[in-house]
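Asker: sequence first, predicted coordinates after that:
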Amino acid sequence: MWCMIVLSAIAFQSLPIVSINETCWPTANNLTCVLNDLLLGYNKYQRPNYTGDPIRVEVYLMIISLGPIFELDMSFTMNLFFRQVWTDQRLTLPNQVSNVAVSTKLLSAIWKPDTFFINSHSAYLHTTPTFNHLLRILENGRLLYSSRLTIKASCSNFLKRFPLDVQICPLVLSSYAYGTKDIIYDWKLNANNGVEFERLKLSQFDLFDHKISRREVQLNDRNHSVLQLDLFMRRKAGYYILQGYIPAGLLVILSWISFWIDSEATADRVYISVTCVLSLTTLTMDIRSYIPAVPYFTAIDYFFVMCYLFLFASLIQFTAVHRYLGYRQSMKSEENLNEQRKSPVLEKAMETNVILLRNEESHSTYFPRRSTFSVIVQGLHLIRRKASLHKLDEHARIGFPLLFILCNGIYWFILVVYTA
């Protein structure tokens, strides 16, 4: 027994002592063994080159989808691949190994940038069917960390030119805890200058330009390196033209029908004007439900105000006509009454006419009834008779359309050309 123990000890002492690196490579193609060797003595709580220059983190974005864009809470949503590249010399692989995709479980064992989005409301990492992120070890200790995120970020909308407005929605990112002495962010400048778009199609906007920038801002009593992506989006006004501008203009044109109705048809003209005003109010409330309660007038509000003024002007025009006709009739009735009082012969003639009419009514049963043909002829004669028309109606038939066309020309010139 003792002899076997002594022989075993002599044999163990005779074996050569080699490092883990020599054991794992190149005699054995075991990447796990190599990674375990690299993580020996690795401190994940300290950034690479802790006592030296700050770490340079390059960022690359690939935007898959953009939208929806909410005006009510002034935010927008985007789905993107978020990629970060930095160098950690402690994870340098042997020369025989490069550009290796490793398990994302290694993320919990190494240091990584604490990047966050400054203007985000919420964000989440896609986990279907598995966690959508990867870690790749490149040459000379460079690391690539990519993840698929959905971010809802704030976008301060300026709606004075709504619905022909242009919005600039930013996406701002930085390090949460490390300042410029530890981490410096920069865009990965390549053919796409750090940002790539994957055939974006938006229902309400057109993305016509973007701009990237980097700067330093003071956060938590220290300077932080910040990257910003500005998205320039122009609103598609087709929906609001079809649902707002055209119906409002048609309501104004509909109110002009009252100028062609008999001036004495009070109920009909008032009904048309009031109906147009109520319909425009409903239309205005429906359009305003799409935008927040901003304390200023938007472009479409000015158009609605112009339509309101034309509707109220048509109602005031009819009021003036009706008032003038009523005053003229009262004056005529007073004149006739005075003439009757001054002429006793006329009064006697009227009394005689009244007596004759009563006699005709008493003997009317003896006269034959009028034929249907005579009734039709009398109705056609009444239709052909020209309705009473005031001079204000004649002027309004021409003046209102010309003035509305002029106001529309000025409105669209200012909105499209002058303030573009």
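Answerer: It's in. Residues are numbered from 1 along each chain as shown.
Asker: so in terms of bridging, what pairs with residue 102?
Answerer: With DSSP bridges as the criterion, residue 102 is bridged to residue 135.
Asker: low-confidence ranges, the stretch 151-300 of the chain, go.
Answerer: 191 (pLDDT under 70).
Asker: could you pull out the helices in it for me?
Answerer: For the stretch 151-300 of the chain, helices defined by DSSP state H, counting those that start in this stretch occupy the ranges 238-240, 246-255, 266-288, 299-342.
Asker: out of those helices, nearest to residue 184?
Answerer: helix 299-342 (42.9 Å; C-beta to C-beta). (Glycine included, C-beta is placed from N, CA and C.)
Asker: before we move on, back to that, kindly compare burial across the helices of the stretch 151-300 of the chain and name the winner.
Answerer: Each of the helices of the stretch 151-300 of the chain was scored by mean neighbour count; the highest is helix 246-255, a mean of 18, by mean count of other C-beta atoms under 10 Å.
Asker: what comes into contact with that helix?
Answerer: Applying C-beta atoms under 8 Å, 6 or more residues apart in numbering, the contact partners of helix 246-255 are 272-273, 276, 279-280, 283, 303-304, 307, 310-311, 314, 401, 404, 408.
Asker: quick check: pLDDT value at residue 369.
Answerer: Looking at residue 369, its pLDDT reads 50.
Asker: got phi/psi on residue 292?
Answerer: Per-residue torsions, residue 292: phi -70, psi 170 (degrees, to the nearest 10).
Asker: how close does the spatially closest residue to it that is not a sequence neighbour sit to residue 164?
Answerer: Closest residue in space to residue 292, ignoring its immediate chain neighbours: residue 72 at 5.3 Å, by C-beta to C-beta, 6 or more residues apart in numbering. The gap separating residue 72 from residue 164 is 19 Å, by C-beta to C-beta, to the nearest Å.
Asker: now swap in residue 193 and tell me
Answerer: For residue 193, the distance to residue 164 (C-beta to C-beta) stands at 29 Å.
Asker: tell me which of those two has more neighbours.
Answerer: residue 164 (19 against 13; other C-beta atoms under 10 Å).
Asker: quick one: residues contacting that one.
Answerer: For residue 164, the contacting residues are 235, 237, 299, 415-416, by C-beta under 8 Å, 6+ apart.
Asker: surely residue 280 meets residue 303?
Answerer: No: judged on C-beta atoms under 8 Å, residue 280 makes no contact with residue 303 at a distance of 10.7 Å.
Asker: contacts only, for the residue lying closest to residue 90 once chain neighbours are set aside.
Answerer: Take residue 90 and drop its neighbours on the chain: the residue closest to it by C-beta to C-beta, 6+ apart is residue 42, 5.8 Å away. Contact partners of residue 42, counting by C-beta under 8 Å, 6+ apart, are 90-91, 109-110.
Asker: can you redo the residues you listed as CSV with neighbour count?
Answerer: Shown next, in CSV, are the contacts of residue 42 (neighbours: other C-beta atoms under 10 Å):
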residue, neighbour count
90, 16
91, 21
109, 10
110, 21
